[in-house]
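**Q** fold the following for me, if possible:
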Amino acid sequence: MTSNETDNTRADIGIVSALPIELGQFMDRCERVKHYKGGDLTFRGGRYDGIRIVVAESGMGYARARKATQAMIDAHAPKWILSSGFAGALLPTMKLGEIVMANEIVDQHGQQISINLTLASDEANGLYVGRILTADEMVRTVEEKKQLHEKHEAIAVDMESLAVAQVAAETKTGFMAVRVISDDMSADLPSEILSVIGDTGAVRVGAALTSLFKRPESLKDMLHLRTNALAAAKSLATFLDGVVHQLHDA
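**A** From the prediction side, this is the model:
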C-alpha cells in the first residue's frame with residue numbers, strides 16, 4: 001500500500017452514532033459520501049468543507065458502541081472521536097432540539113470518565129454542559145428520568161457515550177460527546193417503542209403491526225416521535241457544523 005493510499009483511509013473526525021436518523025441530516029451536508037459495511041456495522045464517509053468525516057452507525061447500547069468505536073479507530077485513525085446523537089432530557093427546563101455536551105460521563109454501575117471541556121452552559125441559547133448518564137436500557141418515562149437525575153446528578157441520558165469515551169481514552173484519541181435532546185420531560189415516550197424499535201434502530205414490522213392492532217392511536221404517537229427525531233437531527237446537524245470546523249482548525 002502506498003503512503004497516498006494510507007492517507008485516503010484516514011479521517012480527521014470520526015463520529016459514532018447509534019441510529020442512521022441521528023446523523024442523517026449532517027451527512028446530507030457532506031460531499032462525496034460513501035457507504036460501506038464492516039461486519040454488522042455501517043460506515044459512512046464524506047467531506048465536510050474539505051474535512052474528512054467518517055460516521056459509524058453502531059446500533060443502540062454500550063457494547064455495540066464500544067465495538068464500533070474500536071473498529072473506526074483501527075480503520076481510519078481519526079484525530080477526534082465524537083459520540084453524537086439523541087439524548088433524553090433529565091432536566092425539566094430542557095427542550096426538544098437543545099444541545100448537551102458532556103464534561104463527565106457516568107453509567108449505572110459506578111463507572112465514570114471526565115472530559116476536558118471548559119465550555120460553560122448557555123441555557124438561554126439552548127446549550128447545556130454537564131454530566132451525561134449512559135444507561136443500560138432506553139429510558140421511557142418522566143418518572144424514570146426524575147429518579148435517574150436524582151441518583152446520578154446527570155442532566156441527560158443516552159446509551160452509548162461512556163463506551164465511546166472509554167475507547168477514545170484507551171487509544172489516546174481526542175473525544176467529545178455532543179448530544180441533542182430528542183425527548184424532553186413533558187411526557188412519556190409511547191410504551192410501544194420498547195418492542196417496536198430494535199437494537200439497531202430498525203422497526204420490527206411484526207411488533208409494529210401488533211401494537212397498531214392493540215392500540216390504533218400508537219401510529220399517531222410513533223409518527224409524532226419521528227417528527228421530533230427529525231427536528232432534533234436538524235438541530236444537531238447545525239451545531240455540529242461549528243464543532244467540526246473548530247476541531248479541525250485546532
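
**Q** make it CA atoms for all contacts and neighbour counts henceforth
**A** Noted.

**Q** which residue packs closest to residue 233, ignoring adjacent ones?
**A** residue 22 (5.3 Å; CA to CA, 6 or more residues apart in numbering).

**Q** now do residue 126
**A** Sequence neighbours aside, residue 98 is the residue nearest to residue 126 in space, at 4.8 Å (criterion: CA to CA, 6+ apart).

**Q** and the one you found, how many neighbours?
**A** The tally of other residues near residue 98 (other CA atoms under 10 Å) stands at 22.

**Q** for it, what are its contacts?
**A** The neighbourhood of residue 98, defined by CA atoms under 8 Å, 6 or more residues apart in numbering, consists of 126, 127, 128, 180, 181, 232, 235.

**Q** just confirm the third one is within a helix.
**A** No. Under DSSP: H, G, I helix; E, B strand; the rest coil, residue 128 sits outside any helix and is assigned strand.

**Q** who wins on neighbours among the contacts of residue 98?
**A** Neighbour counts for those peak at residue 180, which has 32 neighbours (criterion: other CA under 10 Å).

**Q** returning to what we had before: any idea how far the residue nearest to residue 126 is from residue 125?
**A** Remark: distance between residue 98 and residue 125 (CA to CA, to the nearest Å) = 8 Å.

**Q** go on, residue 53?
**A** Noted for residue 53: a distance of 27 Å to residue 125, by CA to CA.

**Q** which of these two has more residues huddled nearby?
**A** With other CA under 10 Å as the criterion, residue 53 and residue 125 differ in neighbour count, and residue 53 comes out ahead with 24 against 9.

**Q** is that one part of a helix or strand, or is it coil?
**A** strand.

**Q** and residue 59, by the same measure?
**A** Look at residue 59: counting by three-state DSSP, its state is coil.

**Q** quick one: the strands in this protein?
**A** Listed from the start of the chain, the chain has strands (DSSP state E) covering 13-17, 31-38, 41-48, 51-57, 80-89, 99-107, 112-114, 127-134, 156-158, 174-183.

**Q** show me what contacts the residue nearest the centre of the chain?
**A** Residue closest to the mean C-alpha point of the chain, counted by CA atoms, centre = their mean, is residue 85 at 2.3 Å. When contacts are counted by CA under 8 Å, 6+ apart, residue 85 is found next to 17, 18, 19, 22, 23, 178, 179, 180, 233, 236.

**Q** could you do residue 157 as well?
**A** If you count contacts by CA under 8 Å, 6+ apart, residue 157 has them with 87, 88, 89, 90, 132, 133, 134, 135, 139.

**Q** burial measure for the fourth one, as a count.
**A** Counted by other CA under 10 Å, the residues lying close to residue 90 total 26.

**Q** tell me how far the residue nearest to residue 126 lies from residue 63.
**A** According to CA to CA, residue 98 stands 27 Å off from residue 63.

**Q** now do residue 69
**A** With distances defined as CA to CA, the gap from residue 69 to residue 63 amounts to 10 Å.

**Q** neighbour count for the two, which is higher?
**A** Neighbour totals were compared for residue 69 and residue 63, and residue 69 leads with 27 against 14 (other CA under 10 Å).

**Q** who's in contact with the closest residue to the more buried one other than its chain neighbours?
**A** In space, not counting the residues next to it along the chain, residue 69 is nearest to residue 164; the distance is 5.9 Å by CA to CA, 6+ apart. Residues in contact with residue 164, defined by CA under 8 Å, 6+ apart, are 16, 65, 66, 69, 81, 82, 83.

**Q** thanks again, I'm all set now.
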